[in-house]
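Engineer: Whatever this is, show me its structure:
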Amino acid sequence: MELKINQQTKKFDAESLSVQSLLDLEIPHKQNGIAVAVNNTVVPKTNWNEFLIQETDEILIISATQGG
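Structural biologist: Model (predicted):
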C-alpha cells in the first residue's frame, strides 16, 4: 500500500491499515497530543482503531507543541 503522509509518499506491506496501526508504525512512542486527518477530515481519537485507510488517502499527522 502506498500512502501520502504529511506530503511524503511511503509504502507499507499491509493491504489495509487502521489509523491506530499506522500510528503504531510511524510514531510508536509519541501518540499523545496529536491529531490525524484523512483526506482533510479530522478522525477523532475514539475512531482510530476502526477507521480504515485506503490506498489513495492522504494523511496529515499534526503534533501539538508548547511555546509562546
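
Engineer: so what's residue 61 bridging to?
Structural biologist: residue 36 (DSSP bridges).

Engineer: my bad, residue 8
Structural biologist: Applying DSSP bridges, one finds that residue 8 bridges with residue 5.

Engineer: got a list of what the residue nearest to residue 62 when sequence neighbours are not counted touches?
Structural biologist: Using CB to CB, 6 or more residues apart in numbering and skipping residues adjacent in sequence, the residue nearest residue 62 is residue 35, 4.7 Å away. (C-beta placed from N, C-alpha, C; glycine too.) By CB atoms under 8 Å, 6 or more residues apart in numbering, the residues touching residue 35 are 42, 61-62, 64.

Engineer: Residue 16 and residue 53 touch, don't they?
Structural biologist: Yes. Residue 16 lies in contact with residue 53 (CB atoms under 8 Å); the separation is 7.0 Å.

Engineer: related to what we said a few turns ago, output the contacts of residue 35 as CSV; include the columns distance to residue 4.
Structural biologist: As requested, the contacts of residue 35 are exported to CSV (distance: CB to CB, whole Å):
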residue, distance to residue 4
42, 17
61, 11
62, 15
64, 22
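
Engineer: Of those - the most surrounded one?
Structural biologist: residue 61 (16 neighbours; other CB atoms under 10 Å).

Engineer: Test my guess that that one contacts residue 23.
Structural biologist: Yes. Using CB under 8 Å, residue 61 makes contact with residue 23 at a distance of 7.4 Å.

Engineer: Now the common contact residues for these two.
Structural biologist: Common neighbours of residue 61 and residue 23 (CB under 8 Å, 6+ apart) are 34, 36.
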